[in-house]
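Q: sequence first, predicted model second:
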Amino acid sequence: MIKKMTHSNRADYYKSNESFLVSGRIIPRYEKDVWTYTEEAFTEPYMKQYEQEDIDDSYMEDAEKAVFLFYADDRCIGRIKLRSNWNGFALIEDIGVSGSWRQQGIGTQLLEKAVEWAKQHHQIGLMLETQDVNLSACRFYARNNFIIGGVDTMLYSKFSTAHEKAVFWYRKF
């Protein structure tokens with residue numbers, strides 16, 4: 001069951017931020033105005049977890065922002081955080097599903113909820129950014145009708161993740 005985040009269930013937002021296996025990366029290529037990619041498997045996979053970000057009241061009070069939480073048996077196992085962006089797309093700032101619940105269609109249901117929200121807010125599509133090393137996420141977005149719209153090789157250059165490239169994915173309605 002998907003519920004909109006409110007003040008009463010706000011603490012549930014943090015429950016689905018779990019580590020994931022980095023087993024390879026995508027290698028995007030831009031040719032003749034079309035993005036494609038190949039995959040490279042890593043010989044030494046490793047675990048990665050995103051830092052916990054604070055969620056502020058604006059996601060419950062601002063009509064141009066929303067967080068939806070996925071529950072199974074009253075336990076929060078997934079989330080999606082989005083907002084209207086200046087370019088007419090709804091920007092997915094975060095999406096996550098608890099490790100033991102992945103590969104069961106929950107992420108797709110959260111994306112479909114984002115599509116519904118975006119259309120209600122007269123957006124032209126969805127957009128998001130992930131890293132080239134988040135291979136499972138890149139495959140997930142491609143399966144859910146997203147296409148690469150750009151790659152940024154400098155976005156993470158200040159951080160220990162400087163070897164990662166930012167990949168921007170779009171799903172136009």
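A: Perfect, I can see it now. Residues are numbered from 1 along each chain as shown.

Q: ok, then the element right after the top strand by length along the chain?
A: When the chain is parsed with DSSP state E, its longest strand is strand 34-48. Stepping forward along the backbone from strand 34-48, the first helix or strand reached (DSSP states H and E) is helix 58-61.

Q: C-terminal to that following helix, what's the next element?
A: Defined by DSSP H and E, the subsequent element after helix 58-61 is strand 65-72.

Q: which other residues reach the helix or strand just after that following strand?
A: Following strand 65-72 in sequence order, the next helix or strand is strand 75-84 (DSSP H and E). For strand 75-84, the external contacting residues (C-beta atoms under 8 Å, 6 or more residues apart in numbering) are 5, 9, 12-13, 15-16, 55, 59, 62, 64-71, 90-98, 101, 106-107, 110-111, 113-114, 117-118, 121, 123, 126. Just so you know, the C-beta spots here come from the backbone N, C-alpha and C atoms, and that holds for glycine as well.

Q: next: stretch 85-101.
A: Under the contact criterion C-beta under 8 Å, 6+ apart, stretch 85-101 has outside partners 15-20, 50, 53, 70, 72, 77-84, 106-107, 110-111, 114, 117-118, 121, 123-128, 170.

Q: dump the C-alpha coordinates for that stretch into PDB.
A: The C-alpha coordinates for stretch 85-101 follow below in PDB (Å, rounded to 0.1, in the frame of the first residue of the first chain):
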ATOM      1  CA  ASN A  85      11.200  21.100 -11.400                       C
ATOM      2  CA  TRP A  86      11.800  24.300 -13.400                       C
ATOM      3  CA  ASN A  87      11.900  22.500 -16.700                       C
ATOM      4  CA  GLY A  88       8.400  21.000 -16.600                       C
ATOM      5  CA  PHE A  89       9.500  17.600 -15.400                       C
ATOM      6  CA  ALA A  90       8.900  16.100 -12.000                       C
ATOM      7  CA  LEU A  91      12.300  15.500 -10.400                       C
ATOM      8  CA  ILE A  92      12.600  12.300  -8.500                       C
ATOM      9  CA  GLU A  93      15.100  13.200  -5.800                       C
ATOM     10  CA  ASP A  94      15.200   9.800  -4.100                       C
ATOM     11  CA  ILE A  95      13.700   6.300  -4.600                       C
ATOM     12  CA  GLY A  96      14.500   3.300  -2.500                       C
ATOM     13  CA  VAL A  97      13.300  -0.100  -1.500                       C
ATOM     14  CA  SER A  98      14.500  -2.200   1.400                       C
ATOM     15  CA  GLY A  99      17.000  -4.800   0.400                       C
ATOM     16  CA  SER A 100      14.900  -7.900   1.100                       C
ATOM     17  CA  TRP A 101      11.900  -6.500  -0.800                       C
END
